[in-house]
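K.L.:
I need the structure of the sequence given here:
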Amino acid sequence: MMTDLELALEAATKAGELLRSHFGEDSAVDESSHHDIKLALDRESQQLITNILLGARPDDALYGEEGIAGKEDASRQWIVDPIDGTVNYFYNIPHFCVSLALRVDGEIILGVIHDPMMQETWTVEKGSPARLNGKVIQASAREKLEEAVLFVGCGKDEDALGTGLERFRKGSLRARKMRMMGSAALGMAYIACGRLDAYVESRISIWDIAAGQLLVQTAGGKVELTPVEGRSDVWSIVASNGKIPIGEIL
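P.N.:
Numbering: from 1, shown residues only. All right, here's what the predicted structure looks like:
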C-alpha cells in the first residue's frame, strides 16, 4: 500500500504530465473574467488527481479549486490546486504547478508542489525535512530587505489590487528586486529553497497556499495567515524566510 506521500507524488506528477503534454496548445476556456481564466484542463487535471487520491483513499475528502469530492465530513481532506498559475499556462508562460496538501483534523501534515516544465518537485511531511527533488532545502539566511527578492501578489478585486500595488511600491524602494510571478504555490516553494525571501498577498485561497505553508515553515521560514472576513478559506498571507523585516513594507 502506498504511503500518503507516495500517493500525492503520483497524483501530482500524473497531473503534471497531462499539463505538460498540452502546453502550447490552444486551451478551451470554461470561464473568463478581467483578472482570471478557468480552463477545461483545470477540471481535467483535478479529476485525474481525484481519481488517484480517492481511488486509493475512498474515505477521504478532496477540496479543490474546481469543487469538492469524496466524503465531505471526513477528518482527512486533500487540498488541491490542479493548475496554480492558470493564466500563465494559457499564455504559454512556463511558470505554473500542481499543488497538493493533506489536512487531518484541521492540520496540514503533508504537501507536494510539482513544476512539470522544470521537472522540480517539492515535498514535505510533518516531522521531516522539506525537500526539492529529494534534496533537503532551507529558506535563505538573508536578513536585510536591501538584499532580498520579494514576491507581491495583487489579488483580483479592487481593494486587493490597491493593497498589492502599494506594497509593491514600498518594496521597490527597499528590496533588491520585486517580482509578480503568477503562482502563489511556486512562490512559496521558492522561499523554501532560498530563491525568494518573501511573498505577500491580501487575498489568496487555501488551495494555493496549503502545501506551501508547511513547506516554508519546515524549511525554517515563517507564514502568517489572516482570515478574510466573509470569505470562506480565503486568507491574507505574509510568508518569508523568517529573517527579513517584511513588516516594513506592509
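
K.L.:
same for the longest helix anywhere in the chain, what does it pack against?
P.N.:
Longest helix of the chain, by residue count under DSSP state H: helix 4-22. Packing partners of helix 4-22 (3 or more C-beta pairs under 8 Å, 6 or more residues apart in numbering; DSSP states H and E): helix 40-56, strand 76-84, strand 97-104, strand 107-115, strand 120-125. Every residue, glycine included, has its C-beta placed from N, CA and C.

K.L.:
To residue 200, which of these lies closest?
P.N.:
Nearest to residue 200, of all the helices and strands packed on helix 4-22, is strand 76-84, at 16.8 Å by C-beta to C-beta.

K.L.:
and the helix or strand following the closest one, how far from the chain's centre?
P.N.:
Once the chain leaves strand 76-84, the next helix or strand it forms, by DSSP states H and E, is helix 86-90. Mean-position distance between helix 86-90 and its chain equals 14 Å (C-alpha atoms, centre = their mean, to the nearest Å).

K.L.:
okay, helix 86-90 in PDB with CA atoms only?
P.N.:
The C-alpha coordinates for helix 86-90 follow below in PDB (Å, rounded to 0.1, in the frame of the first residue of the first chain):
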ATOM      1  CA  THR A  86      -3.600  29.100 -15.000                       C
ATOM      2  CA  VAL A  87      -3.200  32.500 -16.700                       C
ATOM      3  CA  ASN A  88       0.500  31.800 -17.200                       C
ATOM      4  CA  TYR A  89      -0.400  28.400 -18.700                       C
ATOM      5  CA  PHE A  90      -3.000  29.900 -21.000                       C
END
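
K.L.:
Buried residues in it, which are they?
P.N.:
86, 88-90 (16 or more other C-beta atoms under 10 Å).

K.L.:
so who does the residue located most distally from the centre of the chain touch?
P.N.:
Farthest-out residue of the chain from its mean C-alpha position, per C-alpha atoms, centre = their mean: residue 1, at 27.4 Å. Residues counted as contacts of residue 1 (C-beta atoms under 8 Å, 6 or more residues apart in numbering): none.

K.L.:
So which bits of the longest helix of the chain are buried?
P.N.:
For helix 4-22, by 16+ other C-beta under 10 Å, it's 4-5, 7-16, 18-19, 22.

K.L.:
who touches that helix?
P.N.:
2, 41, 44-45, 48-49, 52-53, 56-57, 78, 82-83, 89, 96-100, 102, 110, 112-117, 121, 123, 125.

K.L.:
Now find how far off-centre that helix is within its chain.
P.N.:
15 Å.

K.L.:
next one: stretch 104-120
P.N.:
For stretch 104-120, the distance to the chain centre is 8 Å (C-alpha atoms, centre = their mean).

K.L.:
so what's residue 34 scoring on pLDDT?
P.N.:
pLDDT for residue 34: 45.

K.L.:
same thing with residue 85?
P.N.:
In this prediction residue 85 is given a pLDDT of 94.

K.L.:
Would you confirm that residue 193 contacts residue 132?
P.N.:
Yes: counting by C-beta atoms under 8 Å, residue 193 sits close enough to residue 132 to count as a contact (5.1 Å).

K.L.:
Neighbour count: the two, which is higher?
P.N.:
residue 193 (22 against 19; other C-beta atoms under 10 Å).

K.L.:
Could you measure from that one over to residue 144?
P.N.:
Distance from residue 193 to residue 144, counting by C-beta to C-beta, to the nearest Å: 20 Å.

K.L.:
For the helices and strands packed on helix 4-22, give me TSV that also has distance to residue 210 and mean neighbour count.
P.N.:
Listed next are those as TSV, based on distance: least, C-beta to C-beta, whole Å; neighbours: other C-beta atoms under 10 Å:
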stretch	distance to residue 210	mean neighbour count
helix 40-56	14	19
strand 76-84	4	26
strand 97-104	4	27
strand 107-115	6	23
strand 120-125	11	23
